[in-house]
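Visitor: Below is the sequence, then the predicted model.
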Amino acid sequence: MITDSAGRAVAFALAPGQAHELPYAAPLLARLPGVPLWVVADRGYSSHAFREHIWNLGARPAIPPKRNEAPVTCPNWVYNNRNRVERLWGRLKEWRAVATRYEKTAVSFLGVLHLATAIDWLKR
């Protein structure tokens, strides 16, 4: 999921439970309306190729390195804003259908996510 600076959902994609989300991150960045100043992500998105993709977009990555990688610059004052995505997921999980993945098919679950994020946009 990608959020704006206010913590509202801009774009999201549904990945299979056993798959990593990194392959879905670059197409999500392409769905942004403009070029962000910073792209903030957690350690799970730490890869040289993804950082290069972010630099090529004209943004700056704020992704801490994995423990077995060489240190890279990740300003704490930017990385502290990553909690906006976590807070968004907390708000979305107030919906029982989102929290428990009540819907069985991916299409119907995406419909619930679209509805929940649209209502979140209206509330904020």
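Guide: Nice, I can see it. Numbers count the residues shown, from 1 in each chain.

Visitor: just the strands in the chain please.
Guide: Counting by DSSP state E, the chain has strands at residues 2-3, 9-11, 38-40, 60-62.

Visitor: Relative to Pro27, which of the ones you listed is closest?
Guide: Judged by C-beta to C-beta, the one of those that comes nearest to Pro27 is strand 9-11, at 8.8 Å. Just so you know, the C-beta spots here come from the backbone N, C-alpha and C atoms, and that holds for glycine as well.

Visitor: partner residues bridging the closest residue to Arg51 other than its chain neighbours?
Guide: Excluding its sequence neighbours, the residue lying closest to Arg51 (C-beta to C-beta, 6 or more residues apart in numbering) is Pro61, at 4.7 Å. Here Pro61 sits in beta bridges with Val39, going by DSSP bridges.

Visitor: Could you report the distance from Pro61 to Trp55?
Guide: 7 Å (C-beta to C-beta, to the nearest Å).

Visitor: Buried ones in whichever helix in the chain runs longest, by neighbour count?
Guide: Ranked by number of residues, the top helix in the chain under DSSP state H is helix 106-123. For helix 106-123, burial by neighbour count (16 or more other C-beta atoms under 10 Å) applies to 109, 112-113, 116-117, 120.

Visitor: How about stretch 30-47?
Guide: 36, 39-41, 45-46.

Visitor: Could you find the closest non-adjacent residue to Leu29?
Guide: Leu57 (6.4 Å).
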